[in-house]
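In: Predicted model and sequence follow; I will ask about them next.
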Amino acid sequence: MGMKSMTLEEVRDSLIRQEDTIVFSLIERARFPMNSFAYEDVSSFAISGFSTSLLKYFVKEIEATNAKVGRYESPEEHPFFPDDLPNSLIAPRNDSQTYHELQFLHPAAASINVNNHIWDFYLKQLRPLIAAEGDDGNYASSAASDLQCLQALSRRIHYGKFVAEVKFRDAPQDYEPLIRAKDRDALMKLLTFERVEEMVKRRVERKAMVFGQEVCLGTDGDKGDNKGKYKVDPAVVSRLYDEWVMPLTKLVEVEYLLRRLD
Ligand SMILES: C=C(O[C@@H]1C=C(C(=O)O)C=C[C@H]1O)C(=O)O
């Protein structure tokens, strides 16, 4: 297969770097209240006759533009609405390596997309935990920051494909029998590192504290003690990883491995 190779450490470094993006995008979304109107189906945003929400309309339109410039040719990018996307207008270039030449993943990777789960937990469960009650009328701005959050979470979770490929290459003798037996539970157990998961949760909580604090100059003249006041609740970020991000990353890993010998 591919020419490119990666180590588990390099893949984990990328996941650590992506935590920064996720924490910052949550902080941005927390600037806006719930703005529920942006998530209700309204007929003015109808797509092929069906009412849809401002957010869904916005994401679909942006994804269509992204598709035309070839964004989803990258194995790291996954659309939320993959049906009816326009084709890329970028012709393959023979003076540069294409994603296919650089391919590191098994081709079955392309069939895995868990964005519908990400969309659901983000809108129904996470958003109410980071946005205050209320409506400030900034629907497009809050939808734009929703999209930043959704894309950052999606990239991180689908990076499970790279994690799984590296783990498989490091120990094919351990993975192959479980893949052939389609033993999901045993695969899940083999790819899980609880110690790493504990560190991830503690680190993202810490990042939420550091990135989300008010930065003040000097000690006198302050409006008061800002300790303990964060732009996004660190406990929510840790819970986000514990309940959704890591389980979905592992789901992607299992789904990928099950197809790895096809
Ligand atoms: C991503 C990995 O696989 C699993 C998932 C983790 C995560 O989503 O952060 C962490 C440890 C593993 O249980 C990994 O091993 O790094």
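Out: That came in fine, so what should we check first?

In: Okay, strands next: where are they in this structure?
Out: Ranges of strands in the chain, per DSSP state E, are 41-47, 50-53.

In: Dump the last one to PDB, keeping only the CA atoms.
Out: Translated: strand 50-53. Extracted C-alpha coordinates of strand 50-53, given in PDB (Å, rounded to 0.1, in the frame of the first residue of the first chain):
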ATOM      1  CA  PHE A  50     -38.600  20.800   2.300                       C
ATOM      2  CA  SER A  51     -38.200  23.300   5.100                       C
ATOM      3  CA  THR A  52     -34.900  23.200   6.800                       C
ATOM      4  CA  SER A  53     -33.000  25.200   9.400                       C
END
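
In: Show me what it is in contact with.
Out: Under the contact criterion C-beta atoms under 8 Å, 6 or more residues apart in numbering, strand 50-53 has outside partners 38-43, 45-46, 60. Quick note: C-beta positions are derived from backbone N, CA and C, even for glycine.

In: try stretch 129-144
Out: When contacts are defined by C-beta under 8 Å, 6+ apart, stretch 129-144 is touched by residues 26, 29-30, 32-38, 54-55, 58-59, 232-233, 236, 239.

In: Buried residues, it. List them.
Out: 130-131, 139, 141-144 (16 or more other C-beta atoms under 10 Å).

In: ok, which pair from those is furthest apart?
Out: Maximum pairwise distance among these (C-beta to C-beta): 16.7 Å, between 130 and 139.

In: and the gap between residue 114 and residue 146?
Out: According to C-beta to C-beta, to the nearest Å, residue 114 and residue 146 sit 18 Å apart.

In: Same check on residue 192?
Out: Separation of residue 192 from residue 146 (C-beta to C-beta) stands at 30 Å.

In: Please apply the same query to residue 30.
Out: Distance from residue 30 to residue 146, counting by C-beta to C-beta: 12 Å.

In: So which residues on the stretch 51-200 of the chain come close to the ligand?
Out: Contact residues (C-beta under 6 Å from any ligand atom) of the stretch 51-200 of the chain with the ligand: 163, 191-193, 196-197, 200.

In: hang on, the earlier thing: rank the strands of the chain by pLDDT, which is bottom?
Out: If you rank the strands of the chain by mean pLDDT, strand 41-47 sits at the bottom with a mean of 87.

In: May I have that one exported as PDB, CA atoms only?
Out: Output of strand 41-47 as PDB, limited to C-alpha atoms (Å, rounded to 0.1, in the frame of the first residue of the first chain):
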ATOM      1  CA  ASP A  41     -37.100  24.300  10.200                       C
ATOM      2  CA  VAL A  42     -38.400  27.400   8.400                       C
ATOM      3  CA  SER A  43     -39.700  27.400   4.800                       C
ATOM      4  CA  SER A  44     -37.500  30.400   3.700                       C
ATOM      5  CA  PHE A  45     -34.500  28.000   3.800                       C
ATOM      6  CA  ALA A  46     -36.300  25.200   1.900                       C
ATOM      7  CA  ILE A  47     -34.100  22.700   0.100                       C
END
